[in-house]
Each structure stands twice: as structure tokens, then as C-alpha cells.
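Asks: from the sequence below, what's the structure:
(2 chains)
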There are 2 protein chains.
Amino acid sequence: MPSEFALIRRHFTRPARHTDLAVGDDAALIRPAPGMQLAISTDMLVAGTHFFADTNPTDLGWKTLAVNVSDLAAMGAQPRWVVLAASLPGADEAWIEAFAGGFFACCEAFDIDAIGGDTTRGPLNLCPTIFGEVPTGAAITRSGAKPGDDLWVSGAPGRAALGLAHLRGETHLADTYRDDCLAALHRPQPRVALGLGLRGIASAMLDVSDGLLGDLDHILECSGVGAVIDEANLPLAPLVAACGDPARAFAACTGGGDDYELLFTAPPTQRAALADLSARLALPLHRIGSITPATRGLHLRDTSGTLRELAARGYDHFGNGA
Amino acid sequence: MPSEFALIRRHFTRPARHTDLAVGDDAALIRPAPGMQLAISTDMLVAGTHFFADTNPTDLGWKTLAVNVSDLAAMGAQPRWVVLAASLPGADEAWIEAFAGGFFACCEAFDIDAIGGDTTRGPLNLCPTIFGEVPTGAAITRSGAKPGDDLWVSGAPGRAALGLAHLRGETHLADTYRDDCLAALHRPQPRVALGLGLRGIASAMLDVSDGLLGDLDHILECSGVGAVIDEANLPLAPLVAACGDPARAFAACTGGGDDYELLFTAPPTQRAALADLSARLALPLHRIGSITPATRGLHLRDTSGTLRELAARGYDHFGNGA
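Replies: Just a heads-up that it's a prediction; the model follows:
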């Protein structure tokens, strides 16, 4: 069996482009550009909790990095470097090669240097930590939303949840939508360009990883505000077309995670800038509601105009886990 | 059961001292000082592979961070920030509180800000990623050793291995040494002050985590050199006194990991500086050998003066794992 060091060298050492010292020493060395803050995020993906152990390893490699890239996109940061710690049940070299293929495809797609890591034996567990740059003071946090701001979401949140429901046999997706929903689940596209474009425009932002309503609740809590969501403006139509079930489409859009769309707030004065940005990126941006004072809580205005109070429903690994 | 977010808030949110934005957003924000490189290292500790699941959680919290701190010490970097991803089998709050106690004790001891993380459900797995600062160009890598350099090791490597052998019932340690060996195993003291003091003195360095000979092999390979170790200069005496077995003491000193002492090379012109540093830190530094051309390989000069070729014996999680 090849050694740990040989496996790392063979599959995880690629030329680094903006790194002083990469894989192979006690630590990697990087230099953020002057005037930049370093944005840092870590994620842990566990077999059986976040993915099935038999997931296609190339998809898994992509997604392992993509979900981490999304955290930086949600700050308006430019991803630059990543380290990957991994616990593997055995040294299945074909699996490792396929996983590395997906992981480095994501590195290439977002110009990220893989600069180090740790490999060990144990239950399958993947832990990337990512670093990016953002001009000092320009990061978009969760705490800047103000009453009167618009609430926006990118793309078509809910497709990944429908893809998962399809795989589980809980629904059957129409042929013309199926591949799109499965791609959203297996190969999420973190919204890096959108995050960068929203610097100076968005007042608060995060990525939708646990479900739109649950993640929105983090913005409301961090910013000390409330919100009203307009059901009529939620991008439900393609989801209904895909699964033929309005209730499932609504649940997928508001409660499904794993699409890694960006949820953000911006003053109404930014609407024209956002229309321009949407056109430039060829990415739909949906104005789904507005920010209110905290005392108003979180409400949904349904298609008849009736206001209904909502409870947050994000996935909580200890609180709500099965 | 308290939620994931509540657990994190309760046990893992402490005031940060040199951080722009810590726990609670999509990413943390830091600013390395001008003229500094950022040194980054990640480690993954898995129950059953790196520690017993019933290890005292306070000790485990300390060690989880300490082994990572040691990687920065081995670069001559000043540790500053850490993120921790953790997979836990359940939300045992007493365990989490005790673990956090040890982890933050180590943060305090080395003035490190815990700036973020991720908590999820799954087999027990702890993955810290640490960041530190080193003046650009001053990091001490594995690749700078030159023929003619002295080879040095700090402290008393092998104590942790003896402590482990004692716990396993493989040896019985004398009362006066036992606590010291168990402390080396459970509460390793990363040599940060030594690493900083060796800037401009050491030509190559790493920390002994997998065993002195195996780790030395990394320096030899990265630097393209060989080495001769003088058995007479190895700090064996306290190990022999502890376990009463010269062969076990030799094996612990040269093959035992987990002490996190620093192994480094330096030109002979630095001997006086090293004596001063050793006195200032009240830390023994042992000149255990010398660096040779690569063609000479790795040899041990035994106490009779005979040269014997050695094979590297570092612990390899896939190559040599049980």
C-alpha cells in the first residue's frame, strides 16, 4: 500500500500560483496583499451526515471545496488558498484520485491554491479551511441589514433539495429539470463573482446552506431586524414545473439548503445597480422581501396579501438532527 | 438538547484580542501585520487513531491545539489565530465544556484567538487550523540544512512514548518520573519561544511528532543531505532512569512521537548563541549529531564509535498503520 506521504505527493501536490511555500513543510506560507483583510472559513463534511459514503468521489471533491468557497463569496471575499485535512477509512487510491480530480477542478475554476493539509486514517471526514482576500472594511457581514432594505436571493434556491428528494424517491422530477437539480446538488456553483460584485452594494449577506428561512434568521439576529417575505416574488415557478407540487416547491425554496445561493440585503437605492449586476453576470436576482424593525419578527405575505408569522427552520446538527 | 448554535456560543465564544471579526459570520476576518508572512497549518485528530475516545476531555482540548501550535513553532512563527472544526457523536455538554476548557487554556497560554469553526454530528474528529505570523523570509523550513551543520533536539524526546507505554501496561515507570512522562503525553508544551529564538540561527527545523528518526528523514529529504547521530549525545539518561530499560529508552527517544520537541540544524558557528538561548529559556538543547552529504545516508555512531546505517521509522498512517 503506498504511504501517506506518497499518496499526498501523488494526488494533492499541484503547482501553486500565489503562494510562498505550499505542501510539504510544517506550515504553508502566504502573503495577503497590502490593504487586504484575510477572510477565513472552515467546514467539516462527514460521511453519513453531509453526504452518502458512496457519493461519486469526483462530485464529492468538487463539493467539499465549493461549499467552503461559498462562505467566502458570502463575505464578498476573493478565494485564494485552501488547506484540506482528511480522514479516510483506507488508502483506496482510485477513490483518492477521483476525489482529488473534483477538488482540483474546483481549485482551477476559482483560481485557488491548495497549500497544505493532513491525511489520516479514520471514518470518512473532509475538512477544508479556506482563505481569501477582501479590501479592509469591504467585507459584507451578517450584521449590516437596516429596516427599509430590500431582501434579495440569487439564482433558484431549492433545486438541490428537489434533486435530493428525487434521489430518495420522494418525488419524480420532469426530465427537462432533473439534470439541473442534480447538478445543483452535486456540483454547486458558489457565487464568487456575485459576492465580489456586491461589495459596496449589499448591506448584509450570507450563503444559503441550511435553508433560506433558517439562514435569513441569522441575518435578522445579527442585524437586530425583522423581515417580510413576499411569496409572490419567491422564484417558485421553475421548482413547481420540475416537481409538479406547489407545497414541495415552497418547502424546497424556503427550507432546502445545499444550493449555496447568496441571500443579501441592500437599500432600495441600489436596485438599478443590482439590475446591472444581474445582467452582467447573467444571474437572476430576486427581490423577495424587505427588512423591518426587529419588533415585527419574520412574516410571509402570501399571494392573497395576508401576513403570516414564520418560525425559522434552519437545519441544526444537534438541535434538530435525527 | 441545546442547539448547535447555542453550544458554540456558550462554550466557544471568548473575547478575541487581535482579530477584526471572530466567531459568528460566514468567515472570520484578520489582518496580518505589514511585512509578515502568514504561516498556516492544519491537523486532524481522530478518536481511535490519535487518541482514545475516553481520553480526559480537558487534556484532549489542550492537546488538540498544542500539536497545531507546535507546527508553527517549528517554522519560527508566532501563533495568533485558530479555527476549530469538530465532529461530535452527540451533544454531551459536560464533555464539550471540559474540552473547551483545555482548548482555551492552550489559547490563553499562547495568546491565540479562536476566531471560528464548524460543529457537526459524526464520529469524534477534531480539526484545528492555525495561523501565525513570521517576518517575510524568516521562516525556518525543512530544506535549509547543509553538510557540516550540527543537528540539535530540544528537551527530552521520548517521555510521551514512555507515558503511553506505562498506560498500556508495557512498562512500569518509576514514581519520580511517571507524572512528568504522563504530562508530556497529555499536556505537550509546544516550543514556541524556542522556535522564535531560533530565527536567524537554525538552518532547518521541524517538530518531532512522529518520532525523531522518521522526522529527521524529512529534513534529510527536503534538504538533500545525510546525517550522523551520536548515540552518546542522545538525552537517554532520564528515560533509562524512568523505565530501567536502555533498549526501550533508545526506542522511545528515537522513535516515539507526541513530545513535540523541536529538531533543528545550525552551523557550528551558532553554538554559543544556542547555549545562550538554552540558558535564557531554561530548556536543554542537545547537539545529537551532524549533517553530512546526501550520499552518506543516515547513520548512528554508537557509544563504541562504530557507524551503523539506520532506516527511517516515522509513523505513517497508511503505510505502516496497524
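Asks: surely A:Gly163 is in contact with A:Leu173?
Replies: Yes: taking CB atoms under 8 Å as the definition, A:Gly163 is a contact partner of A:Leu173 at 7.5 Å. From N, CA and C alone the C-beta is placed, and that goes for glycine too.
Asks: so which residues of chain A form helices?
Replies: Counting by DSSP state H, one finds helices in chain A at the ranges A:4-12, A:57-73, A:93-109, A:159-167, A:175-186, A:192-197, A:212-223, A:237-243, A:246-255, A:271-281.
Asks: so which of A:Gly163 and A:Leu173 has more stuff around it?
Replies: Neighbour count, other CB atoms under 10 Å in any protein chain shown: between A:Gly163 and A:Leu173, A:Gly163 has more, with 27 against 22.
Asks: can you read off the pLDDT for that one?
Replies: pLDDT recorded at A:Gly163 is 95.
Asks: list the contacts of it.
Replies: A:Gly163 makes contact with A:Leu173, A:Arg178, A:Cys181, A:Leu182, A:Ala183, A:Ala184, A:Leu185, A:His186, according to CB atoms under 8 Å, 6 or more residues apart in numbering or on different chains.
Asks: the fourth one: how many residues sit nearby?
Replies: Summarising burial for A:Leu182: neighbours were counted as other CB under 10 Å, giving 19.
Asks: re earlier: which of the contacts of A:Gly163 tops the neighbour count?
Replies: Among these, the one with the most neighbours (other CB under 10 Å) is A:Cys181, at 29 neighbours.
Asks: residues contacting that one?
Replies: Taking CB under 8 Å, 6+ apart as the test, what A:Cys181 contacts is A:Arg159, A:Ala160, A:Leu162, A:Gly163, A:His166, A:Leu173, A:Ala242.
Asks: what of A:Ala77?
Replies: Taking CB under 8 Å, 6+ apart, we find A:Ala77 in contact with A:Ala39, A:Gly132, A:Glu133, A:Val134, A:Ala139, A:Gly195, B:Ala27.
Asks: now, the most widely separated pair of the residues you listed?
Replies: Greatest spacing in the contacts of A:Ala77, by CB to CB: A:Glu133 and A:Gly195 (12.3 Å).
Asks: more neighbours: the two, which one.
Replies: A:Gly195 (31 against 20).
Asks: what's the neighbour count on the closest residue to the more buried one other than its chain neighbours?
Replies: Closest residue to A:Gly195 apart from its sequence neighbours, by CB to CB, 6 or more residues apart in numbering or on different chains: A:Ala73 at 3.6 Å. For A:Ala73, the neighbour count with other CB under 10 Å is 33.
Asks: distance of A:Asp16 from chain B?
Replies: For the record, residue A:16 is Ala, not Asp. For A:Ala16, the distance to chain B equals 12 Å [CB to the nearest CB, to the nearest Å].
Asks: one more: A:Gly224?
Replies: Distance, A:Gly224 to chain B, using CB to the nearest CB: 13 Å.
Asks: A:Ala138 now?
Replies: To chain B, A:Ala138 is 10 Å away according to CB to the nearest CB.
Asks: can you check A:Asn68 too?
Replies: Separation of A:Asn68 from chain B (CB to the nearest CB): 10 Å.
Asks: equivalent analysis for A:Thr269, please.
Replies: As judged by CB to the nearest CB, A:Thr269 and chain B stand 25 Å apart.
Asks: quick one: residues contacting the residue nearest the centre of chain A.
Replies: The residue lying closest to the centre of chain A (CA atoms, centre = their mean) is A:Tyr260, at 3.0 Å. If you count contacts by CB under 8 Å, 6+ apart, A:Tyr260 has them with A:Ala66, A:Val67, A:Ser70, A:Ala73, A:Pro188, A:Gln189, A:Pro190, A:Arg191, A:Asp207, A:Val208, A:Ser209.
Asks: adding pLDDT and distance to B:Ala237, write these out as JSON lines.
Replies: Formatted as JSON lines, the contacts of A:Tyr260 follow (pLDDT from 0 to 100; distance: CB to CB, whole Å):
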{"residue": "A:Ala66", "pLDDT": "96", "distance to B:Ala237": "55"}
{"residue": "A:Val67", "pLDDT": "93", "distance to B:Ala237": "52"}
{"residue": "A:Ser70", "pLDDT": "96", "distance to B:Ala237": "56"}
{"residue": "A:Ala73", "pLDDT": "97", "distance to B:Ala237": "57"}
{"residue": "A:Pro188", "pLDDT": "94", "distance to B:Ala237": "59"}
{"residue": "A:Gln189", "pLDDT": "95", "distance to B:Ala237": "62"}
{"residue": "A:Pro190", "pLDDT": "96", "distance to B:Ala237": "57"}
{"residue": "A:Arg191", "pLDDT": "97", "distance to B:Ala237": "62"}
{"residue": "A:Asp207", "pLDDT": "94", "distance to B:Ala237": "58"}
{"residue": "A:Val208", "pLDDT": "94", "distance to B:Ala237": "62"}
{"residue": "A:Ser209", "pLDDT": "88", "distance to B:Ala237": "56"}
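Asks: good, wrapping up.
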